[in-house]
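the sequence and its predicted three-dimensional model are supplied below.
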Amino acid sequence: MRFNSITFKILFFIIIAFVVATFSVLLLANIHLTKIIDISQESVYSEKLDAIFGVLKDADERLKKTGLVEAYFEDFKASTINSLKKTYYGVSNPIIYPFIIDLNGAIVMHPALKAGDLSIKNLEVTKNMLASKSGNFTYLYLGQEKWCIFRHFNNWDWVIGYAFPLDVKYKDTRKFTVMLFVIMVGITAFVVLVLSLIVTKFTKPIVRLTKISKKISEGDIDQEIDFKNKDEVGTLARSFDNMRNAIKRQILELNEDIKEQKRLKEVLLIAKEKAEHVNEAKSEFLMNVSHDIRTPMNVINGFNDLLMKSPLNEEQKTFCEMIKRKGKDLIKLIEDMIDISAVEQGKVRLHQSPVSFSALIEDICQTVDIMIGEKEIDFKCCVGKDVTKMLLGDSMRLKQVLENLCVNAVKYTKSGEIRCSISIGDESLDDKFYNIRFEVEDTGIGIAEENIPHIFDPYTRFYALDEKEHKEGVGLGLHIVKTLVNEMGGKISVESKLGKGSKFSFVLKMKDPGSLETEFKPDVLDKSYEEVNLEGMNILVAEDDEATRVLMERSFKGSGCNITFASDGEDVLGLMKKNEYDLVLMDLRMPKIDGIETTKEIRQFIDKEVPIFALTAHVIDFVEGKCKEVGMNGYVAKPVDVDNLKMAIQQFVKSK
């Protein structure tokens with residue numbers, strides 16, 4: 001019989017039931033017998049105490065009849081004691097015996113102790129007997145548990161008691177319990193034997209059916225199931241055989257389906273591989289387009305900035321501002337295309353660093369003021385007084401979200417007001433976490449109620465029916481905004497009325513940075529450095545594009561720093577071995593050795609401390625990660641605002 005068989009389990013539970021029943025019967029029997037014995041013993045020994053009391057009362061009456069109580073009192077007591085000893089102490093060392101003490105705890109009569117002995121005065125038994133007029137109790141004496149029943153004889157100030165061991169008192173109970181236990185064990189063994197034979201007879205077909213089903217489960221679907229039984233087991237076996245036949249038919253059908261599924265899977269795998277190749281090609285294409293557009297745009301914007309700093313008439317200034325604005329629009333379109341690609345592939349990454357809300361708002365104001373131009377729009381930015389100065393977050397992504405919302409507001413607001421605000425949310429958190437609420441509200445054309453649920457869908461643009469002016473954009477901005485807010489742990493919402501304006505808002509849970517060091521981020525710069533002083537700095541610029549080199553040379557002219565140019569990675573390594581530099585601006589895409597490999601060589605073999613900033617047209621997230629891995633100190637995307645770059649260099653140098 002196996003331990004996990006149904007027969008064993010049934011017998012096991014039957015045995016457990018009988019064992020529990022046996023012990024329950026024994027326990028109940030023991031309790032009731034103990035009560036019966038307690039009552040009977042108390043009755044018996046109360047009668048014995050009555051007999052002793054009768055002797056004492058008789059002696060006391062005879063003493064009183066003499067009229068000389070004081071003269072003969074001691075004689076009568078001694079005579080009575082001798083009479084009681086002869087009656088009750090006839091056997092040496094009796095197990096059950098009466099004894100007498102006086103109210104002082106001294107022995108008057110005892111089979112082992114002499115009269116007047118005070119050795120038991122402070123024992124528990126003596127204290128209990130003196131505490132009340134009569135009663136019974138158990139106590140421990142010389143390591144043995146005993147039972148005592150007592151009563152006071154007030155005429156002579158004596159206490160008469162009977163004591164005997166508990167094992168003697170309950171001797172018959174134990175005999176009966178043992179006998180009952182033996183009987184119950186015998187009954188249990190007999191019942192288990194009979195039931196095991198009965199259960200085995202009924203479970204034998206089930207065991208056989210189990211073995212057959214196991215063989216079927218192992219693949220022997222042709223295993224015969226032949227049961228002649230007409231009972232429930234036979235019915236089960238026939239049903240099982242019908243099920244086996246049905247399974248056999250289904251297996252044949254499934255084999256055909258599996259062949260078709262394999263063929264479809266192969267087709268899907270081929271399609272998946274093609275899609276992945278297309279996706280990789282798209283990412284590579286976007287990266288190359290980004291690089292190939294940003295590099296010339298860096299030159300165009302840079303020379304345009306230099307041109308704007310030269311003496312120009314009003315018309316020329318207007319032309320330069322248009323060039324700058326349209327250049328930013330083009331870069332924004334490229335960034336949106338890259339962002340939507342990252343969103344589709346699930347590759348949006350967040351970088352936690354301290355965010356200065358005042359610097360963030362200042363940057364946004366500069367961008368939006370340029371967008372507003374000559375529109376009659378009052379743009380207001382405000383940070384609540386109760387908002388902590390700096391909290392942990394992704395400053396670049398946060399700026400991107402707010403700028404997108406503000407630029408959209410400018411685009412669809414002819415006149416009126418746009419408000420960008422940062423405040424503490426409704427729910428208060430602990431000292432380390434804060435709910436920060438961001439809102440962008442405008443008085444623009446608004447959104448129709450039926451269009452609000454779709455406003456964040458990609459490639460979606462909604463306008464008022466009477467709005468005939470063409471609006472730029474491809475409908476990616478709000479979709480990117482929603483995705484970035486979700487990635488940062490928030491949820492964006494919109495309230496809008498057609499012709500009245502719109503309000504976009506979201507809440508982010510942000511942490512106090514505490515004592516964390518602020519990592520250099522060129523995206524949101526500290527504007528406290530009003531004057532940029534790079535006097536005496538030796539800067540090595542690694543750039544293969546000639547126009548960019550000319551731009552950098554002209555841009556840093558007058559800053560007091562010494563600029564050295566290298567056209568590829570080999571030139572950089574050669575110059576680094578010969579000279580010492582305070583800063584290296586490293587283009588990532590160069591001939592011969594690219595910027596990543598060049599930085600590795602510098603960190604391993606030449607200089608582990610010199611600050612190196614990536615200066616590149618690549619803006620994909622993983623490129624920034626590679627820059628950090630090889631030991632670069634910062635990352636600046638093209639097109640570069642040279643004034644901001646100078647400020648970033650000085651800010652980094654001062655922090656070190």
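Right, received. Where do you want to start?

which residue ranges of the stretch 51-200 of the chain form strands?
For the stretch 51-200 of the chain, applying DSSP state E, counting those that start in this stretch gives strands covering 97-102, 107-109, 134-141, 144-153, 158-165.

how about residue 409, what does it touch?
With contacts defined as C-beta atoms under 8 Å, 6 or more residues apart in numbering, the neighbours of residue 409 are 418, 440, 441, 442, 444, 502. The way it works is simple: take the backbone N, C-alpha and C, and place the C-beta from them, glycine included.

how does it look with 7 Å?
418, 440, 442, 444 (C-beta atoms under 7 Å, 6 or more residues apart in numbering).

near the last one, how many other residues are there?
Taking other C-beta atoms under 10 Å as the neighbour definition, residue 444 ends up with a count of 24.

of all the strands of the stretch 51-200 of the chain, which one comes closest to residue 596?
Counting by C-beta to C-beta, residue 596 lies closest to strand 134-141 out of the strands of the stretch 51-200 of the chain; the figure is 89.5 Å.

now do the buried residues in that closest one.
Applying a neighbour-count criterion of 16 or more other C-beta atoms under 10 Å, one finds 136, 139 buried in strand 134-141.

what's the average pLDDT for that strand?
Confidence over strand 134-141 (mean pLDDT, whole number) is 85.

helices and strands around that strand, which ones?
In terms of contact count using 3 or more C-beta pairs under 7 Å, 6 or more residues apart in numbering; DSSP states H and E, strand 134-141 is assigned the packing partners helix 124-131, strand 144-153.

in its sheet, what does it sit against?
Paired neighbours of strand 134-141 in the sheet (DSSP bridges): strand 144-153 (antiparallel).

what angle separates the partner strand from helix 124-131?
Inter-element angle recorded for strand 144-153 and helix 124-131: 20 degrees (by axes from the mean of the first three to the mean of the last three C-alpha atoms, to 10 degrees).

thinking again about what came up before, sort out for me which of the contacts of residue 409 are in strands.
Residues from the contacts of residue 409 lying in strands, with DSSP state E as the criterion: 418, 440, 442.

which member of the residues you listed is positioned nearest residue 82?
Using C-beta to C-beta, residue 440 is the member of the ones in strands among the contacts of residue 409 that sits closest to residue 82, with 117.4 Å.

okay, now residue 396: neighbour count?
By other C-beta under 10 Å, the burial measure for residue 396, its neighbour count, is 20.

tell me which residues in the helix or strand hosting it are buried?
Residue 396 is part of helix 395-411, with elements assigned from DSSP states H and E. Neighbour-count burial for helix 395-411, counted by 16+ other C-beta under 10 Å, picks out 395-410.

and the helices and strands packed on strand 134-141 as JSON lines, adding mean pLDDT, mean neighbour count and distance to residue 361?
Putting the helices and strands packed on strand 134-141 into JSON lines (pLDDT from 0 to 100; neighbours: other C-beta atoms under 10 Å; distance: least, C-beta to C-beta, whole Å) gives the following:
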{"stretch": "helix 124-131", "mean pLDDT": "87", "mean neighbour count": "17", "distance to residue 361": "87"}
{"stretch": "strand 144-153", "mean pLDDT": "87", "mean neighbour count": "18", "distance to residue 361": "88"}
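
save those as JSON lines, and put in distance to residue 54 too.
What follows is these, written out as JSON lines (distance: least, C-beta to C-beta, whole Å):
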{"stretch": "helix 124-131", "distance to residue 54": "20"}
{"stretch": "strand 144-153", "distance to residue 54": "11"}
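
and stretch 446-457, average pLDDT?
Taken as a whole, stretch 446-457 has a mean pLDDT of 88.

buried ones in that stretch?
Going by 16+ other C-beta under 10 Å, stretch 446-457 has these buried residues: 446, 447, 448, 451, 452, 455, 456.

and residue 639, what pLDDT?
You'll see residue 639 listed with a pLDDT of 72.

show me the contacts for it.
Taking C-beta under 7 Å, 6+ apart as the definition, contacts of residue 639 comprise 294, 297, 298, 301, 302, 331.

out of the residues you listed, which comes closest to residue 317?
Taking C-beta to C-beta as the measure, residue 317 lies nearest residue 301 of those, at 15.5 Å.

which strand or helix spans that closest one?
Under the criterion of DSSP H and E, residue 301 resides in helix 232-309.

tell me which helix or strand comes right after that helix.
Proceeding N to C from helix 232-309, the next assigned helix or strand is helix 314-345, under DSSP H and E.

elements contacting that following helix?
Taking 3+ C-beta pairs under 7 Å, 6+ apart as contact, the helices and strands that helix 314-345 lies on are helix 232-309, helix 477-487.

nearest to residue 387, out of those?
Shortest distance between residue 387 and the helices and strands packed on helix 314-345, using C-beta to C-beta, is found for helix 477-487: 18.2 Å.

quick check: next helix or strand after the closest one?
Heading C-terminal from helix 477-487, the first helix or strand you meet, by DSSP H and E, is strand 493-497.

rewinding a little: of all the contacts of residue 639, which two lie farthest apart?
The farthest-apart pair in those, when distances are taken by C-beta to C-beta, is 302 and 331, at 12.9 Å.

which of the contacts of residue 409 are buried?
The buried subset of the contacts of residue 409 - by 16+ other C-beta under 10 Å - is 418, 440, 442, 444.

return the residues in contact with the third one.
Contact partners of residue 442, counting by C-beta under 7 Å, 6+ apart, are 409, 413, 418, 501, 502.

tell me how far the third one lies from residue 410.
Looking back up the chat, that one is residue 418. When C-beta to C-beta, to the nearest Å is the yardstick, residue 418 and residue 410 sit 7 Å from each other.

any common contacting residues for the two?
Looking at what touches both residue 418 and residue 410 (by C-beta under 7 Å, 6+ apart), the common residues are residue 377.

checking my notes, residue 640 in a strand, right?
No: read with DSSP: H, G, I helix; E, B strand; the rest coil, residue 640 is coil and lies in no strand.

ok, now which ones touch it?
Counting by C-beta under 7 Å, 6+ apart, residue 640 makes contact with 298, 615.

give me the distance between the closest residue to residue 501 other than its chain neighbours and residue 503.
Setting aside the residues directly before and after it, residue 501 is nearest to residue 443 in space (C-beta to C-beta, 6 or more residues apart in numbering), at 4.2 Å. Distance check for residue 443 against residue 503: by C-beta to C-beta, it reads 10 Å.
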